[in-house]
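S.K.: model the structure of this input:
(2 chains)
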Amino acid sequence: MSERPWTQRHLLGIEGLTADAVRHVLDTAEAFYEVSRRPVRKVPTLRGKTVLNLFYEASTRTRTSFELAGKRLSADVVNISVAQSSVSKGESLYDTVKTLEAMRPDVVVLRHEASGAADYVAQRIRASVINAGDGQHEHPTQALLDAFTIRRHKGRLEGLIVTICGDVMHSRVARSNALLLRLFGAEVRVVAPRTLMPVGMETYGVRVFDALEPALEGADVVMVLRIQRERLQGALLPSLREYARTFGVGTRTLARAKPDALVMHPGPMNRGVEISPEVADGPQSAVLEQVEAGVAVRMAVLYLLAAEPGEQVGA
Amino acid sequence: MTASSASDDGGERLLDAEAIARVIRRLAVEIVEQTGGVSRLALVGVRRGGVPLAQRLAAEIERAEGVAVPVGSVDIALYRDDAATALPDPKIGPSEVRFSVDGRDVVIVDDVLQTGRTIRAAIDCLLDYGRPRRVWLAVLCDRGGRELPIAADFVGRVLDLDAGTRVDVVFDGEGAPRVTVRPRVDPRGAGGSR
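M.R.: Numbering: from 1, shown residues only, chains lettered A, B, ... in the order given. Prediction:
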């Protein structure tokens, strides 16, 4: 009873977490999932704590999800979209963080376009830091909410076949998910056009495919990634229509997966590009459940981090 | 919350299975009598020790009255008054109240009443599910030591014990149901003081 599976001061990535720590977050999230379904969807747990949402990249759903999670825990939540404020005036990440630290936040949730930004801030601030996406590196709460959703449907993560399709190259979601699922011994397959597959993906212990249908064969879970148009400068893709034809997940291609395969997408979806509308709205789609799971998982993470401030300084 | 490791070793037995069964039968009668019947009654156990007790009381009421009253559970971890300063609870269980509490007589059930802090938290949690007509409190043991103005409506046994002792209620676990008392070993132990 006194064992403490969670000892992290920050959540910077899935890398470095144990399977026990991940399981603990998911178990804790179950309690918060229930909170969000009560008549009064709020608990007093983090009264008097301050959560700073510091977003250097546009993001509606992740920011809203963290905001709601903090508010349902009774924390004070402040949203700062830096794209519209100091960065345009030339203030560095360091100065911004130091300024914000003077406001004494307990948790800083950081989204930044540079890989490693959350790490950088965590080393320079007293608050706990949650990485809400740093460049092409990691997006740990997305992987946790995906795992939570899968576990609710399949009852386990161990031994499942999970196919991650799409823009693996630019996807921190793919990376965090691959790391998490491998912790539990799931078979992870990644599939993308060669131009969107980073070299060395095999080092994550995943199977690499360059054609969609073989990658979907017998899959328990199909994770579709968003084609990130804003990151696709140059000629990585011939055209979106070409991509939809060869790598878009539709009814016909999905039939290669198990009949009860779960379809997931981190959102926002490009309907008709990486996923067909029939699949996106179909009975196998868990897209909206992922959104609900996101709030519960982020409540769990906020609770685990904010409830012991500075407990293990230097950890 | 009940301790898990306690067996018969070293603990002085206060109630045995037979005594507990008698107490529960009496509590069930009192609850039905005083709350004015079973039609709008519901029981809510405080996790974890209060939950099996609430179920036993409900079974007893059903046996006597022929009516199954709804039973729920609340986990107070998120409502603790030290939630933001103490270490996070190692395990939070979901609360389960799958019936409307509006207009009902809800009896909160716990195994041991001491400081009253747990019950304060349980009341707050319960009220997030709606507005009961009246909230009652039933406990198996009242060992005194209140730190909040809280009193039980239905008490199985009043215990007069030193502050440095710990009461263990084994109800649903290994061996026969029993209530034991022993010297407190770990002051931060499994919630015996709450």
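
S.K.: sketch out the low-pLDDT regions of chain B for me.
M.R.: Within chain B, the stretches with pLDDT under 70 are B:1-10, B:84, B:89-90, B:186-194.

S.K.: write out the residues of it neighbouring chain A.
M.R.: By Cβ under 8 Å from any Cβ of the partner chain, the residues of chain B that approach chain A are B:4, B:75, B:77-79, B:83-88, B:90-97, B:124-125, B:127-130, B:190. Backbone N, C-alpha and C define where each C-beta goes, glycine included.

S.K.: in helices, which of those fall?
M.R.: Residues of these located in helices (DSSP state H): B:124-125, B:127.

S.K.: and chain B, is the biggest helix by length in chain A touching that?
M.R.: Taking DSSP H as the criterion, chain A has its longest helix at helix A:287-306. Yes - Helix A:287-306 is in contact with chain B by Cβ under 8 Å from any Cβ, via A:303-304, A:306.

S.K.: strands of chain B, start to end?
M.R.: B:12-15, B:41-46, B:71-74, B:105-113, B:134-142, B:154-158, B:165-170, B:178-183 (DSSP state E).

S.K.: export those to CSV and append columns for mean neighbour count.
M.R.: Listed next are the strands of chain B as CSV, based on neighbours: other Cβ atoms under 10 Å in any protein chain shown:
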stretch, mean neighbour count
strand B:12-15, 16
strand B:41-46, 26
strand B:71-74, 24
strand B:105-113, 26
strand B:134-142, 22
strand B:154-158, 18
strand B:165-170, 23
strand B:178-183, 19
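
S.K.: reformat those as CSV; add distance to A:N53.
M.R.: Shown next, in CSV, are the strands of chain B (distance: least, Cβ to Cβ, whole Å):
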stretch, distance to A:N53
strand B:12-15, 52
strand B:41-46, 35
strand B:71-74, 30
strand B:105-113, 37
strand B:134-142, 37
strand B:154-158, 47
strand B:165-170, 43
strand B:178-183, 49
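
S.K.: and the gap between the most centrally placed residue in chain B and B:T165?
M.R.: Chain B has B:D110 as the residue nearest its centroid, 0.5 Å off, counting by Cα atoms, centre = their mean. For B:D110, the distance to B:T165 equals 18 Å [Cβ to Cβ, to the nearest Å].

S.K.: for the residues of helix A:287-306 next to chain B, which one is nearest A:L236?
M.R.: Comparing these against A:L236 with Cβ to Cβ places A:L304 closest, at 38.3 Å.

S.K.: for the closest one, grab the count of nearby residues.
M.R.: Around A:L304 sit 22 other residues, with neighbours defined as other Cβ atoms under 10 Å in any protein chain shown.

S.K.: for it, give me its contacts.
M.R.: The neighbourhood of A:L304, defined by Cβ atoms under 8 Å, 6 or more residues apart in numbering or on different chains, consists of A:6, A:8, A:24-25, A:28, B:88.

S.K.: sorry, back to before: got TSV for the ones in helices among the residues of chain B next to chain A, with neighbour count and distance to B:P177 too?
M.R.: Putting those into TSV (neighbours: other Cβ atoms under 10 Å in any protein chain shown; distance: Cβ to Cβ, whole Å) gives the following:
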residue	neighbour count	distance to B:P177
B:D124	16	30
B:C125	26	26
B:L127	15	31
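
S.K.: wait, which of these is closest to A:M299?
M.R.: B:C125 (15.5 Å).

S.K.: ok, the closest one touching B:V74?
M.R.: Yes - counting by Cβ atoms under 8 Å, B:V74 is a contact partner of B:C125 at 4.4 Å.

S.K.: follow-up on the earlier one: tell me the mean pLDDT for the longest helix of chain A?
M.R.: If you average the pLDDT over helix A:287-306, you get 96.

S.K.: for A:R229, what are its contacts?
M.R.: Applying Cβ under 8 Å, 6+ apart, the residues contacting A:R229 are A:240, A:270.

S.K.: what do B:C125 and B:V74 both touch?
M.R.: By Cβ under 8 Å, 6+ apart, B:C125 and B:V74 have these common neighbours: B:S95.

S.K.: just give me the neighbour total for A:E202.
M.R.: 10.
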